[in-house]
Structures are given as structure tokens and as C-alpha cells.
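Engineer: The following comprises the amino acid sequence and a computationally predicted model.
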Amino acid sequence: MAKKKKSRAHRTSAGIVGTNRKITNALRRERSHVEDTLNRVKAWKELKNPWVTIANPSKAETAKKFIKVKANDLWGDPKKSFYMMGASNKEESDG
């Protein structure tokens, strides 16, 4: 059998395998609820449809106090409700 051609002369680095969980959790705790919400709204405006945790509207399900829903189901389509500031409509300026 023929020898397999090597693509590299040396072994490639595996990179960072793991991170310290304490540092990751500390960084997560530093973020406020407002920052998390703003990040979700920004992602929604970029048409990424993130998950949003809300209080369960069904009072019969007492085991599930909070549920996760997609942002498009909660806030609607960002293409229809989002508009750029400073953009004027012809109908408003003509009328």
C-alpha cells in the first residue's frame, strides 16, 4: 500500500479545550436583566428570532411558572414593526 500524504509537517494545536466555569458564571452574573433584554431585542431586530422567557399566561399550569417562546411569537415580525429613525414616508410629507 502507498503511504498516506501528510498535509502538515507538525501536529496542529487543539486550541482551547475548556474554560473555567467559575469565570464564565461570574461574567454571566455581572450582566443585568436590562442588558440581556436589550441583547435579545437587538437580535430580534437583526431577524435572528431569539428565545424569550416570560411568565406563563396559563394560571392552571402551576408547575410551569415561566415558559420560553420565540420572539416573533411574542413581539411579532420585526420587518413589519421596526422602522429606521429619520426615514420619512412620502404619504406623511405629501399630506
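Structural biologist: Thanks, I have the structure now. Numbers count the residues shown, from 1 in each chain.
Engineer: C-alpha from now on. contacts and neighbour counts both.
Structural biologist: Noted.
Engineer: Helices of the chain, start to end?
Structural biologist: 21-30, 33-45, 71-75, 78-81, 90-94 (DSSP state H).
Engineer: Format those helices as TSV; extra columns: mean neighbour count and mean pLDDT.
Structural biologist: Formatted as TSV, the helices of the chain follow (neighbours: other Cα atoms under 10 Å; pLDDT from 0 to 100):
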stretch	mean neighbour count	mean pLDDT
helix 21-30	10	90
helix 33-45	14	93
helix 71-75	14	91
helix 78-81	11	82
helix 90-94	7	48
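Engineer: out of those helices, which comes closest to Lys3?
Structural biologist: Among the helices of the chain, the nearest to Lys3 by Cα to Cα is helix 21-30 (43.4 Å).
Engineer: Switch the helices of the chain over to TSV; also include distance to Asn56.
Structural biologist: Formatted as TSV, the helices of the chain follow (distance: least, Cα to Cα, whole Å):
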stretch	distance to Asn56
helix 21-30	24
helix 33-45	18
helix 71-75	12
helix 78-81	23
helix 90-94	40
